[in-house]
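Asks: A structural model of the following input is requested.
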Amino acid sequence: MGPAPPPAFPLEHEVVPAVGRVDLVVVRLPFVTPFAISSAVWSAKEALLLRLETDGVIGWGECVADPDPFYAPETTALLPPLIRQARQGDLAPLAAQGILAVTDIQAGMSRPLQLSVLCSEDVPLYADPAPGAAPTFLGNGAREAFRGLCAEWPRAPLDPAFHEAPRLEVPALLLSGEADPVTPPRWADMAAATLPASRRITVPGQGHGVFARGCIPRIVAEFVKRGSADGLDVSCLDRLRPSPIFLDLQGGSP
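Replies: Have a look, this model is predicted:
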């Protein structure tokens with residue numbers, strides 16, 4: 001009997017050795033004025049840059065949300081075969097995935113609404129680099145682009161109490177994905193400080209947007225029917241798992 005055939009996608013042989021060096025760079029952007037609510041204060045925004053080097057080629061990537069892993073488990077699971085094919089010279093699947101993601105985001109976003117919110121709430125807090133500071137990888141392009149747009153975009157001044165979180169006694173269900181980098185579970189913890197009738201549910205192994213995952217719709221329906229978060233049976237979440245890693249473009253291991 002001959003030796004067993006190699007696995008269809010040997011991650012330890014095909015992905016790791018292809019990367020000669022990995023650097024994670026945390027970029028900290030200070031706010032002109034701290035952003036505060038009743039339970040927390042933020043004085044800066046942090047972003048995570050990824051620098052990969054292999055065979056004399058250097059690539060950069062940016063996490064535009066939080067410096068935490070994963071956004072959606074499906075896209076995370078699909079990355080290994082996409083990276084493998086890109087390494088073999090076929091960049092089309094990886095590029096297609098990027099185009100699909102950008103297209104989905106653009107299709108679901110209203111630019112007028114985005115500018116109305118950012119120009120009133122965010123852009124006034126953007127801080128300039130300190131004098132003599134070394135140039136950053138991303139530079140000032142995004143900051144100056146939004147400042148230019150907001151200089152022409154109509155907006156109303158914020159109410160002085162805008163950043164204050166009122167205490168609300170209404171029932172609330174706070175849903176979080178355990179690995180969500182955009183609205184992580186700690187945000188629900190902060191929200192719960194002023195929502196005494198709330199219940200926090202963190203869905204294991206999931207990323208952003210858990211409303212339609214597994215049995216969550218049934219839990220939400222039960223919450224609405226009861227009008228209370230007390231006594232909800234969430235044991236079904238113990239059976240919810242993230243998508244298995246794809247071994248190739250056909251899917252994961254049977």
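Asks: any idea how far Val25 lies from His163?
Replies: Val25 sits 30 Å away from His163, going by CB to CB, to the nearest Å. (Glycine included, C-beta is placed from N, CA and C.)
Asks: Apologies, that question was intended for Arg213.
Replies: Distance of Arg213 to His163, computed by CB to CB: 31 Å.
Asks: just Thr33 next, same as before
Replies: From Thr33 to His163 the distance is 10 Å (CB to CB).
Asks: between those two, who's got more neighbours?
Replies: His163 (15 against 10; other CB atoms under 10 Å).
Asks: Report the mean per-residue pLDDT for the longest strand belonging to the chain.
Replies: The residue-count maximum for a strand in the chain (DSSP state E) belongs to strand 21-37. Averaged across strand 21-37, pLDDT comes to 71.
Asks: ditto for stretch 80-96
Replies: Here the average pLDDT along stretch 80-96 is 79.
Asks: pull the CA atoms of that stretch into PDB?
Replies: Taking Å, rounded to 0.1, in the frame of the first residue of the first chain, the C-alpha atoms of stretch 80-96 are listed here in PDB:
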ATOM      1  CA  PRO A  80      -7.000  30.400   1.700                       C
ATOM      2  CA  PRO A  81      -7.800  29.100  -1.800                       C
ATOM      3  CA  LEU A  82      -7.900  32.700  -3.200                       C
ATOM      4  CA  ILE A  83      -4.400  33.300  -1.800                       C
ATOM      5  CA  ARG A  84      -3.200  30.000  -3.200                       C
ATOM      6  CA  GLN A  85      -4.400  30.800  -6.700                       C
ATOM      7  CA  ALA A  86      -3.000  34.300  -6.500                       C
ATOM      8  CA  ARG A  87       0.400  32.900  -5.500                       C
ATOM      9  CA  GLN A  88       0.200  30.700  -8.600                       C
ATOM     10  CA  GLY A  89      -0.300  33.700 -10.800                       C
ATOM     11  CA  ASP A  90      -4.100  33.700 -11.100                       C
ATOM     12  CA  LEU A  91      -5.300  36.900  -9.400                       C
ATOM     13  CA  ALA A  92      -8.800  36.900 -10.900                       C
ATOM     14  CA  PRO A  93     -10.600  35.000  -8.100                       C
ATOM     15  CA  LEU A  94      -9.100  37.300  -5.400                       C
ATOM     16  CA  ALA A  95      -9.800  40.400  -7.500                       C
ATOM     17  CA  ALA A  96     -13.400  39.300  -8.200                       C
END
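Asks: Buried residues, it. List them.
Replies: Buried residues in stretch 80-96, defined by neighbour count with 16 or more other CB atoms under 10 Å: 80-85, 87, 93-94.
Asks: same thing with stretch 175-186?
Replies: By 16+ other CB under 10 Å, the buried positions in stretch 175-186 come out as 175-177, 179-181, 183-185.
Asks: Which of those sits closest to Ile58?
Replies: Closest to Ile58 out of the buried residues of stretch 175-186 is Pro181 (24.1 Å), distances taken as CB to CB.
Asks: Now do the strands in this protein.
Replies: 21-37, 40-54, 57-63, 172-177, 198-203.
Asks: Show me the contact partners of the last one.
Replies: Outside strand 198-203, the residues that touch it by CB atoms under 8 Å, 6 or more residues apart in numbering are 171-178, 185, 188-189, 191-192, 210, 213-214, 216, 219, 229-230, 232, 234, 237, 240.
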